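Colleague: Below are the sequence and a predicted model for it; my questions follow.
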Amino acid sequence: PGKLMQDLHGKTVILRTYEAAKNTGLFQEVYVVTDSDVIFREITTNGGNAIMSKKEHECGSDRIAEAVENMKVDIVVNVQGDEPMIDTDSLALLLNVFRGKDANRIDLASLKAPLKEKKDIDNPNNVKVITNKEDFALYFSRS
C-alpha cells in the first residue's frame with residue numbers, strides 16, 4: 001500500500017514513472033490515470049497530466065479504457081505506475097509491433113522477458129506467458 005508515493009531519490013515513484021515515460025519522446029501525450037486523489041495531485045502539482053477515473057475497476061486496463069473512451073487515439077500504452085526505470089528501447093520495441101508486418105492482426109501487445117531463476121518462475125508477482133511459434137500469446141498466468 002502506498003508504494004507509488006514512496007520517495008525514490010527525491011521524487012515519488014509515480015512521478016518518476018510519469019517522467020520516464022514522457023522523457024522517452026515516443027508519445028504525443030502521457031497521462032496518469034488513477035482513482036486516487038493523492039496521486040492525481042502529485043502528478044498535476046508537478047506539471048503533469050492526470051485523469052481521475054470515475055469507476056471502480058478490476059484492473060488498470062479497464063481504468064485506462066474508461067479514460068480514453070472519448071479520446072481520438074490510435075495506440076494506448078499502459079505503463080504500470082511502479083515502473084520508474086522503464087526505458088525507451090523497450091517502449092519503442094512495443095510500439096514497433098503496431099507498425100510491423102503483423103500490425104493488422106494485432107490489437108494488443110505486451111513486453112516479455114525470459115525468467116531465468118527458479119525463484120522468479122515461482123513468484124506469483126511475475127506474470128508468465130506462453131506463446132505460439134509466431135510469438136502470439138496463448139495464455140497468461142501467475143502460476
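Modeller: Now that the structure is in, tell me what you want to look at.

Colleague: Looking at this protein, which helix is longest?
Modeller: Counting residues, the longest helix found in the chain (DSSP state H) is helix 13-23.

Colleague: neighbouring strands for the helix or strand just after it, and are they parallel or not?
Modeller: Next along the chain after helix 13-23, taking DSSP states H and E as the criterion, comes strand 32-34. Sheet partners assigned to strand 32-34 using DSSP bridges are listed as strand 50-52 (parallel).

Colleague: Of all the residues in the partner strand, which ones are buried?
Modeller: If you call a residue buried by 16 or more other C-beta atoms under 10 Å, then strand 50-52 has these buried ones: Ala50, Ile51. (Each C-beta comes from the backbone N, C-alpha and C, glycine too.)

Colleague: which outside residues touch it?
Modeller: With C-beta atoms under 8 Å, 6 or more residues apart in numbering as the test, strand 50-52 has contacts from Tyr31, Val32, Val33, Thr34, Asp35, Asp37, Ile39, Phe40, Ile43, Thr44, Ala67.

Colleague: residue contacts, His9?
Modeller: Arg16.

Colleague: Rounded mean pLDDT for the longest helix of the chain, please.
Modeller: Helix 13-23 comes out with an average pLDDT of 98.

Colleague: same question, stretch 69-82
Modeller: pLDDT averaged over stretch 69-82 gives 93.

Colleague: Extract the CA atoms of it and return them as CSV.
Modeller: Only the C-alpha atoms of stretch 69-82 are listed here, as CSV (Å, rounded to 0.1, in the frame of the first residue of the first chain):
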residue,chain,number,x,y,z
GLU,A,69,-13.2,6.2,-24.2
ASN,A,70,-13.8,9.6,-25.7
MET,A,71,-10.3,10.4,-27.0
LYS,A,72,-9.1,10.0,-30.5
VAL,A,73,-6.2,7.7,-30.1
ASP,A,74,-4.5,5.1,-32.3
ILE,A,75,-2.3,3.4,-29.8
VAL,A,76,-2.5,3.3,-26.0
VAL,A,77,0.5,2.1,-24.0
ASN,A,78,-0.1,1.0,-20.4
VAL,A,79,3.0,1.7,-18.3
GLN,A,80,2.5,0.5,-14.7
GLY,A,81,2.9,3.2,-12.1
ASP,A,82,5.6,1.3,-10.4
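
Colleague: Right, I'll call it a day here.
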